[in-house]
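[1] A predicted structure for the sequence below; I have some questions about it.
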Amino acid sequence: MAESLTCLREDEWAGPDSNRRPPPRKGEWEERDLALIDLHDFENYLRINLRFSNRTVRETIIRVKRFMNASNFFNEESLSGYLEGYLDHAPATYNAELKALRRLGKYLKLPQIAESFKFTLVDIIPQRAPTTDEICIGFTAQTDLLGQALYLFIATTGLRKGEVLNLKQENIDWDNQAVIPRHFTKTKRSGITFFNQETRMMLSTYLKSRQDNDEKLFIVSDRQWKRVWNIASKAAKTRITCKSLRLWHSVELGEKGVGDRYIDIFQGRAPRTTLARHYTSHGLDRLRKIYDNAELQILTPITTYVNNE
């Protein structure tokens, strides 16, 4: 009787008596040499393929470089050892590092390695909004036109840092005292917001004082940005940041009777389809009326504060 012959594939295991190695389990033996990674190509992948903002690309590259300095290979062992060093950090910090590694894994076509690590749950701690008096004190402590204009503008528009720094002068509708940013990312969208008369006067004074032809609304270095909040926090004796001004803006509008759906439009949380309906002149007029009726004021309370000293 003729012997039956079995043809084995190159990667198939012939059994314990064979010299051929068993097939790898999913994820086993898969790795990439980090020295072979082209960071410029990875940067283009983040920017073009994934459509991340410049800020997200920059922060991802920084974290990936940090990982590459600590490891030689992209594999489960190296990721485990690297992330172990962040177990005692804030959950948000750990998650930021893991996000960067997941993006790198996707680029290397090894997404399953980084995806085997889970994100840490982040507790949502209710934040205290600064009072109007505290915000006024923070404003009066500013020492230059840039700080004063930037501070008032953020407080009365409720815009995020990235939105403010990306604004161009053409994004300002002076007739309606409106701001219509063109800042859409994968995780955040811009709304339609407004500023009050006191901000209009301060912003106009700041722009007239500039001696440049830059199209940006605000020209701010990282050092100047931090200085604004350090000065305000020290003077008000409470932590004041761009985020806390945005929180005050939301709380203040709500207390003055503005509905949540309109606050969402002002702060860029509404769906794009909703925003599109308000890009017409009629829509802007209605939104401005709602904003003006709230009568947001920042500088007025400080007069009472000073007189009581």
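    Perfect, thanks for sending it. What you are looking at is a predicted structure, and each value in this text was computed from that prediction instead of being measured. Numbers count the residues shown, from 1 in each chain.

[2] so where do the strands sit in this protein?
    32-33, 73-74, 172-173, 178-179, 193-194 (DSSP state E).

[3] which of those strands has the highest mean neighbour count?
    Highest mean neighbour count among the strands of the chain (mean count of other Cβ atoms under 10 Å): strand 193-194, with a mean of 23. The C-beta positions use only the backbone N, C-alpha and C, and glycine is treated the same way.

[4] packing partners for that strand?
    Where contact means 3 or more Cβ pairs under 8 Å, 6 or more residues apart in numbering; DSSP states H and E, strand 193-194 is packed against helix 145-157, strand 178-179, helix 260-266, helix 281-294.

[5] between the two ends of stretch 65-83, how far is it?
    Start and end residues of stretch 65-83 are separated by 14 Å (Cα to Cα, to the nearest Å).

[6] distance of Asp41 from Arg47?
    From Asp41 over to Arg47 the distance is 11 Å, taken as Cβ to Cβ, to the nearest Å.

[7] neighbour count for those two, which is higher?
    Each of Asp41 and Arg47 has its neighbours counted (other Cβ atoms under 10 Å); Arg47 has more, 14 against 9.

[8] so what's that one up against?
    Neighbour list for Arg47: Asn54, Val57 [criterion: Cβ atoms under 8 Å, 6 or more residues apart in numbering].

[9] low-confidence stretches in the stretch 51-200 of the chain?
    Residues of the stretch 51-200 of the chain meeting the criterion pLDDT under 70: 182-190.

[10] mind doing that once more with 50?
    Applying pLDDT under 50 to the stretch 51-200 of the chain picks out residues 184-185, 187.

[11] the helices in it, which residues?
    Using DSSP state H, counting those that start in this stretch, the helices found in the stretch 51-200 of the chain span residues 54-70, 76-84, 91-107, 111-115, 132-140, 145-157, 161-166, 197-209.

[12] orientation of the third one relative to helix 76-84 in degrees?
    Between helix 91-107 and helix 76-84, the angle comes out at 160 degrees (axes from the mean of the first three to the mean of the last three Cα atoms, to 10 degrees).

[13] renumber starting at 3 from here on
    Understood, numbering begins at 3; the last thing we discussed is helix 93-109.

[14] other residues contacting helix 93-109?
    Residues outside helix 93-109 that contact it (Cβ under 8 Å, 6+ apart): 39, 44, 47-48, 52, 61-62, 65-66, 69, 76, 81, 84-85, 88-89, 113-117, 119, 121-125.

[15] hey, which of the helices and strands packed on strand 195-196 is tucked in deepest?
    Buried most deeply of the helices and strands packed on strand 195-196, by mean count of other Cβ under 10 Å, is helix 147-159, with a mean of 24.
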